[in-house]
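Sequence below, structure please.
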Amino acid sequence: MSYFDAASAAPLHPVARQALLASLDEGWADPARLYREGRRARMLLDAAREAAAEAVGCRADEVVFTPSGTRALHAGIAGASAGRRRVGRHLIVSAVEHSSVLHSAELHEAAGGTVTRVAVNRAGAVTPSAYAAALRPDTALACLQSANHEVGTAQPVAEVAEVCRAAGVPLLVDAAQSLGWGPVAGAWSLLAASAHKWGGPSGVGLLVVRKGVRFAAQGPVDERESGRAPGFENIPAIVAAVASLRAVRAEAAQEAVRLRELTERIRTRVPQLVPDVEVVGDAAQRLPGIVTFSCLYVDGEALLHELDRAGFSVSSGSSCTSSTLTPSHVLKAMGVLSEGNVRVSLPPGTAEADVERFLEVLPGVVSGVREKLGAPAPTTAVRAEELVVDSLGKRCPIPVIELAKVFADVPVGGTVRVLSDDEAARLDIPAWCEMRGQQYVGEEPAERGTAYVVRRLT
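The predicted structure follows:
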């Protein structure tokens with residue numbers, strides 16, 4: 001079995017396992033106590049904090065350990081926003097932030113605040129000028145991920161941080177995906193990360209608040225972790241998390257080169273091996289181990305199940321899953337194809353042979369799923385000037401499949417009107433037009449659902 005979903009959770013690093021077992025006997029006591037066992041626990045916690053600060057590039061007293069990366073983000077956004085409430089209640093986020101940030105933004109709005117969601121380009125990147133344009137006199141906080149969790153695109157954090165610094169606005173960076181590869185550059189003000197992303201144990205997060213940043217911890221006051229992360233510290237897990245961070249950092253430079261070559265191999269060869277595929281995310285400014293592509297005429301859930309049966313654990317941002325009927329917010333913001341989406345995120349140590357086997361298996365798996373769904377076969381027939389495709393009540397990827405089946409029956413200049421009540425069609429039909437070089441005319445109201453109009457150009 002080949003595990004290709006490290007962006008969700010990396011396998012536990014051997015150093016983390018060793019550190020966890022070793023610290024279970026030494027780090028169980030209350031580090032706030034003055035007796036021998038408490039002092040030993042405090043020494044472990046202090047050493048871990050110093051090592052984490054060195055890895056991040058900050059002071060030890062700026063580091064807080066939290067129960068998760070999500071909790072770190074929630075606490076960071078809430079605390080920084082409250083600390084600058086006199087300035088205003090305006091929050092800036094990118095449209096492709098992790099859902100934990102976007103959920104905080106929604107809560108901020110519900111409580112009377114305002115939020116600007118900065119758009120991204122088709123590669124999933126923001127521009128510093130867009131953040132500059134979003135800044136207002138009442139902006140309390142800006143948030144930006146260091147790299148995207150679904151497509152791997154790296155963001156211009158240092159440039160955005162400088163824009164925010166010049167305006168006197170703190171920038172919170174979600175560094176969950178990138179911290180294992182290196183420190184985050186720039187004059188950022190707050191940073192959050194999660195140990196299970198770099199091979200540490202789950203249940204450990206980092207929150208860094210730079211000195212001088214106005215911060216008001218929310219919720220009941222707690223004496224631990226500077227009052228910013230209530231509850232008893234899980235010292236064995238914290239020690240293991242920091243030990244694994246140091247270990248992966250020591251290997252990062254060499255491993256990054258190797259994984260970039262493997263993911264570039266996937267980016268290049270998948271479109272050659274599988275027809276009707278769009279590789280998404282920035283081709284150059286990206287994390288070493290992530291590559292994402294979407295396959296036309298494929299049900300994402302079915303594709304993931306078939307790859308699992310073939311021995312590959314991958315993830316998806318596709319709208320075609322049993323848990324959601326709406327497209328991934330990241331793919332939607334990018335304006336790329338969402339159906340049949342596959343995210344391959346290689347953990348350190350991935351063997352070249354496993355990647356080659358994936359490339360051998362993938363074409364047959366995609367072909368089999370397409371055949372089951374009745375994907376279109378090539379045709380040269382040309383007849384009607386306009387066709388109407390009724391896909392009401394049908395879910396992704398069926399509306400696009402039915403569009404493709406009839407498209408060759410329309411002469412150049414003719415149109416197809418697709419009727420659909422599936423939210424994913426609003427993203428996937430324009431994306432299909434982009435891939436095919438056809439014109440997406442737009443959407444029109446219909447008696448039921450929406451009519452998506454496509455004009456044949458070639």
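
per the record, what domains does this structure have?
9-248, 252-373, 386-455 (automatic domain parsing).

Could you give the separation between the terminal residues of stretch 188-202?
Taking Cα to Cα, to the nearest Å, stretch 188-202 runs 25 Å from one end to the other.

for the record, mean pLDDT for it?
Stretch 188-202 comes out with an average pLDDT of 97.

buried sites along that stretch?
Applying a neighbour-count criterion of 16 or more other Cβ atoms under 10 Å, the buried positions in stretch 188-202 are 188-202. All C-beta spots, glycine's among them, are computed from the backbone N, C-alpha and C.

follow-up on the earlier one: mind putting the domains of the chain in JSON lines, distance to residue 1 included?
Formatted as JSON lines, these follow (distance: least, Cβ to Cβ, whole Å):
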{"stretch": "domain 9-248", "distance to residue 1": "12"}
{"stretch": "domain 252-373", "distance to residue 1": "5"}
{"stretch": "domain 386-455", "distance to residue 1": "27"}
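
before we move on, the earlier item: and the buried residues of stretch 188-202, which of them are in helices?
Among those, no residue falls in helices (DSSP state H).

mind listing the helices for the protein?
14-24, 36-56, 69-83, 99-110, 128-134, 157-167, 235-273, 300-309, 329-334, 352-373, 398-407, 425-436.

Indicate which one of those helices is closest to residue 444.
Nearest to residue 444 among those is helix 425-436; the distance by Cβ to Cβ comes to 12.4 Å.

Touching, residue 51 and residue 244? I think so.
No. Applying Cβ atoms under 8 Å as the test, residue 51 and residue 244 come out as separate, 10.9 Å apart.

and these two? which has more neighbours close in?
Using other Cβ atoms under 10 Å as the criterion, residue 51 and residue 244 rank with residue 244 on top: 28 against 18.

Can you give me the distance of the closest residue to that one other than its chain neighbours to residue 239?
Using Cβ to Cβ, 6 or more residues apart in numbering and skipping the chain neighbours, the partner closest in space to residue 244 is residue 16 (3.6 Å). Residue 16 is 9 Å from residue 239, where distance means Cβ to Cβ, to the nearest Å.

Could you do residue 211 as well?
For residue 211, the distance to residue 239 equals 25 Å [Cβ to Cβ].

out of these two, which sits in the busier spot?
residue 239 (27 against 9).

How about the contacts made by the closest residue to the more buried one other than its chain neighbours?
Spatial nearest neighbour of residue 239, excluding adjacent residues (Cβ to Cβ, 6+ apart): residue 23 at 4.3 Å. Residues in contact with residue 23, defined by Cβ atoms under 8 Å, 6 or more residues apart in numbering, are 44, 235, 236, 239, 240.

Just list the residues touching the spatially closest residue to residue 446 that is not a sequence neighbour, thanks.
Distances taken as Cβ to Cβ, 6+ apart put residue 419 closest to residue 446, at 5.6 Å, once the chain neighbours are dropped. The neighbourhood of residue 419, defined by Cβ under 8 Å, 6+ apart, consists of 388, 389, 390, 391, 392, 446, 448, 449, 450, 451.

Which members of those are positioned in strands?
Of those, the ones assigned to strands by DSSP state E are 388, 389, 390, 450, 451.

Output the residues you listed as a markdown table; include the columns distance to residue 353 and pLDDT.
Formatted as a markdown table, the ones in strands among the contacts of residue 419 follow (distance: Cβ to Cβ, whole Å; pLDDT from 0 to 100):
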| residue | distance to residue 353 | pLDDT |
| --- | --- | --- |
| 388 | 50 | 89 |
| 389 | 44 | 90 |
| 390 | 47 | 90 |
| 450 | 47 | 92 |
| 451 | 49 | 91 |
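
which of those residues are buried?
For the ones in strands among the contacts of residue 419, buried by 16+ other Cβ under 10 Å: 389, 450, 451.

From residue 413, how far off is the first one?
Spelled out, that is residue 389. Distance of residue 389 to residue 413, given as Cβ to Cβ: 18 Å.

Run through the bridge partners of residue 171.
Using DSSP bridges, the bridge partners assigned to residue 171 are residue 142.

I'd say it and residue 144 touch.
Yes. Counting by Cβ under 8 Å, residue 144 is a contact partner of residue 171 at 6.4 Å.

what sits in contact with each of these two?
Shared contacts of residue 171 and residue 144, defined by Cβ under 8 Å, 6+ apart, are found at 157, 160.

Can you tell me, leaving aside adjacent residues, what's nearest to residue 164?
residue 171 is the one closest to residue 164 (Cβ to Cβ, 6+ apart), at 4.4 Å.
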